[in-house]
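# Let me see the structure of the following:
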Amino acid sequence: MIINDFGSWMKKRFPYKVQKISIDAGFSCPNRDGKISKGGCIFCDNKTFNPSYCDPTKSIKEQIQEGKDFFRRKYKDMKFIAYFQAYSNTYAPIEQLKRIYEKALEEEEIVGIAIGTRPDCVNEEILDYLAQLNKQTFVTIEYGVESTNDETLRFINRGHDFACSKRAIEMSAERGLCVGIHVILGLPGEDKEECIRQAKIISDLPINILKIHQMQVIKGTKLARIYEKEPFHLYDVEEYINLVTEYLRWIRKDIVIERVVSQSPKELLIAPDWGLKNYQFTNLLLNHMKEVKAQQGDKIAYQ
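Model prediction:
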């Protein structure tokens, strides 16, 4: 196996096809509501990844049903994971979180939940609850780490440092939770050498799942204004394939790779516009890794 891919991992865990249904439960973010900042991260626009059925004006039940209908166009027999994706999905009092999560789990054919959040939006009470819920159903918690470099985190107005991410990950792992993280490769000021340094740090964390995205400049963001005034380097396809190949060679073999690329809607994207769907890029990457005889984790010295 060239990489430890998410699809294969899920097939081992479930005897049927499972699809994530994104849900917008109306959460906010401390980087937007004024608790930390009102500007948000300089690259962020949630419209870049929310599907059309994901709408906080609709109930959780409605969003789940529309998600089921959407995916059943391709596959009739499948189960679903309720994916709380938009903004920070642990940023609320514990009783509110319980109502929201358990409402989703009441729906037919929902076999688990995935919770996307920030590392500064969890505490022991929330994680203890999720650990109990994890005994009843499949639970993953996904943290937006973005970078391991504190200087970069300050520049992108993340509102927390890497020590905060590390602490949240360790607290989650100690409770037996399945932990995923999200990173962006090619953030302004981070070259290939810095990305590889990051990979080595990531491999030392007690995580189960890794999502990797390329840096994209989205219309209407603060990053777009910065890019317009002083364009910074963005990877072309070949450069990014070479970077991700080297990055993955420093990622532990047991870490599941859920994603290596992101595709923002064309109407929102300024750059880079590769004209590739995610699966097309992934095929190019795997073919390249095969050609150069590279595999995930092959540069790590295993005992």
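# The closest residue to V260 other than its chain neighbours: how many residues sit nearby?
Leaving aside its chain neighbours, V260 sits nearest to I212 (5.0 Å; criterion: Cβ to Cβ, 6 or more residues apart in numbering). Quick note: C-beta positions are derived from backbone N, CA and C, even for glycine. For I212, the neighbour count with other Cβ atoms under 10 Å is 24.
# Quick check: I212 touching V244?
Yes. Under the criterion of Cβ atoms under 8 Å, I212 makes contact with V244 at 6.6 Å.
# Between those two, which contacts overlap?
185, 260-261 (Cβ atoms under 8 Å, 6 or more residues apart in numbering).
# Which helix or which strand is home to the residue nearest to V260?
strand 209-214 (DSSP states H and E).
# In terms of pLDDT, where does K38 sit?
With respect to pLDDT, K38 has a value of 69.
# correction: K211
So K211 comes in at 97 (pLDDT).
# Can you give me the neighbour number for it?
By other Cβ under 10 Å, neighbour count at K211 equals 21.
# So in terms of bridging, what pairs with it?
H182, R259 (DSSP bridges).
# That one against H182, yeah?
Yes. Contact criterion Cβ under 8 Å: K211 and H182 qualify, at 4.5 Å.
# tell me, what's touching the two both at once?
Common neighbours of K211 and H182 (Cβ under 8 Å, 6+ apart) are E142.
# Can you tell me which of the shared contacts of I212 and V244 is closest to G39?
Nearest to G39 among those is L185, at 23.0 Å by Cβ to Cβ.
# That closest one: neighbouring residues, count only.
By other Cβ under 10 Å, neighbour count at L185 equals 22.
# heads up, I number from 660, so please use that
Right, with 660 as the first residue, what we last looked at is L844.
# For R834, give its distance to E784.
12 Å (Cβ to Cβ, to the nearest Å).
# Show me where the stretch 760-909 of the chain has its helices.
Taking DSSP state H, counting those that start in this stretch to define them, one finds helices in the stretch 760-909 of the chain at 783-792, 809-814, 821-833, 851-862, 881-888, 896-907.
# okay, those helices in JSON lines with distance to I800, mean pLDDT and mean neighbour count next?
Shown next, in JSON lines, are those (distance: least, Cβ to Cβ, whole Å; pLDDT from 0 to 100; neighbours: other Cβ atoms under 10 Å):
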{"stretch": "helix 783-792", "distance to I800": "6", "mean pLDDT": "97", "mean neighbour count": "16"}
{"stretch": "helix 809-814", "distance to I800": "20", "mean pLDDT": "94", "mean neighbour count": "16"}
{"stretch": "helix 821-833", "distance to I800": "6", "mean pLDDT": "97", "mean neighbour count": "18"}
{"stretch": "helix 851-862", "distance to I800": "16", "mean pLDDT": "96", "mean neighbour count": "17"}
{"stretch": "helix 881-888", "distance to I800": "26", "mean pLDDT": "92", "mean neighbour count": "15"}
{"stretch": "helix 896-907", "distance to I800": "23", "mean pLDDT": "98", "mean neighbour count": "19"}
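# can you list the ones you listed in a markdown table and add distance to E768?
As requested, the helices of the stretch 760-909 of the chain are exported to a markdown table (distance: least, Cβ to Cβ, whole Å):
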| stretch | distance to E768 |
| --- | --- |
| helix 783-792 | 18 |
| helix 809-814 | 39 |
| helix 821-833 | 26 |
| helix 851-862 | 33 |
| helix 881-888 | 39 |
| helix 896-907 | 33 |
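# still on that earlier bit, contacts for the strand holding I871 next, please.
Contacts for strand 868-873 (Cβ under 8 Å, 6+ apart): 665, 799, 801, 837-845, 861, 893-894, 899, 903, 906, 910, 914-921, 931.
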